[in-house]
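S.K.: coordinates only, no sequence provided:
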Ligand code: DAH
């Protein structure tokens, strides 16, 4: 190298070339790549300048080193400047594209809810469960014996007419009442007995308040010294939990072959508080279930000594309770699977 004029020109050429190249670069990754190639100690336009030191005459070496360093500093600054600008720009674009509008209405998520029958059944199971009742689940196909005869309703008994039965054969039928479960439990176990038995029952019956298939919950308590008072006390607690604290019960004489005495249980109207409204048809009372003291004949038939033990039983219609609770006047709405109806009844 003859003098610094030539070197100056070479360095100026490199600067121009780098400056031109940098103008074309549009992203920080390319800045990085380009910088690496320029500064490479062997092949880089700037990085390799120091290697040429050997060819420089001794008296020019100091000046040469100084200029190359200046050049390196210039390259360093230029790259840093451009890198910072591009990175800021990239960040800005990323924020722009990932912007979330928190005021936008969210997408509606559909979620299911339990069927009103299930809700009521669960609630009743919880209440009796907390009073120490066990659950007995019977079968939907029963024999005539368990569904009727053992419940003191033999073949020629007029009470059979109270329930229109689906017979599968002379012996087998679709149970018309969960009361059939009482017999299975009492045959299997000596008192004390304290069970509830929820399940589907079937009757040839079809109108606004009756369906060929519906759900009942049977209750049975057998022990020493059980009376109708125990039944009344337990029912008071039950109805207060289901219909509200101020609900009262009223027992009316009735007839069921498997209980003696038998009662129909009314609750004070939870809508009008007893003054009379459409729900209670102006009477202030609503009928909710059948019950009674277990007939001695039924106990004896199951091998339980009726001089030692006594019991009470009750049968609740789950749909009836659900219809009262949710103000539904047609049982078909419960079985219609119309989500517009069922999704409103979820509490
Ligand atoms: N099994 C009766 C029915 O389906 C309801 C019933 C009444 C059940 C009185 C009982 C009871 O346990 O004691 O109509």
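M.R.: That came in fine, so what should we check first? The shown structure was predicted, so the numbers you read here are calculated from the model rather than taken from an experiment.
S.K.: is whatever residue of the chain ends up closest to the ligand in a helix, a strand, or coil?
M.R.: Taking Cβ to the nearest ligand atom, the ligand has its nearest neighbour within the chain at residue 315, 2.5 Å off. To be clear about C-beta, it is placed using only N, CA and C from the backbone, and glycine gets the same treatment. When classified by DSSP: H, G, I helix; E, B strand; the rest coil, residue 315 comes out as strand.
S.K.: roughly how far does it sit from residue 145?
M.R.: 19 Å (Cβ to Cβ, to the nearest Å).
S.K.: quick revisit: am I right that the residue of the chain closest to the ligand is in contact with residue 220?
M.R.: No - the pair formed by residue 315 and residue 220 falls short of the contact definition of Cβ atoms under 8 Å, at 9.8 Å.
S.K.: could you list the domains of the chain?
M.R.: Here the domain parsing of the chain from automatic domain parsing is 4-97, 116-342.
S.K.: among these, which gets the worst mean confidence?
M.R.: By mean pLDDT, the lowest-scoring of those turns out to be domain 4-97, with a mean of 86.
S.K.: hang on, the earlier thing: as TSV, the domains of the chain with mean neighbour count and distance to residue 109 would be great.
M.R.: Formatted as TSV, the domains of the chain follow (neighbours: other Cβ atoms under 10 Å; distance: least, Cβ to Cβ, whole Å):
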stretch	mean neighbour count	distance to residue 109
domain 4-97	13	26
domain 116-342	17	15
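S.K.: which one of those lies closest to residue 107?
M.R.: Closest to residue 107 of the domains of the chain, according to Cβ to Cβ: domain 116-342, at 18.6 Å.
S.K.: residue ranges for the helices of the chain, please.
M.R.: 4-24, 28-39, 61-97, 116-130, 144-147, 180-188, 228-243, 296-301, 318-326, 332-335, 339-342 (DSSP state H).
S.K.: show me what from the stretch 101-250 of the chain comes close to the ligand.
M.R.: 177, 179, 218 (Cβ under 6 Å from any ligand atom).
S.K.: the first one contacts residue 142, correct?
M.R.: No - with contact defined as Cβ under 8 Å, residue 177 does not reach residue 142; the gap is 9.3 Å.
S.K.: my guess is residue 143 contacts residue 171. True?
M.R.: Yes - the pair residue 143 and residue 171 passes the contact test of Cβ under 8 Å, sitting 5.6 Å apart.
S.K.: chain center to stretch 67-80: distance?
M.R.: Chain-centre distance of stretch 67-80: 66 Å, with Cα atoms, centre = their mean, to the nearest Å.
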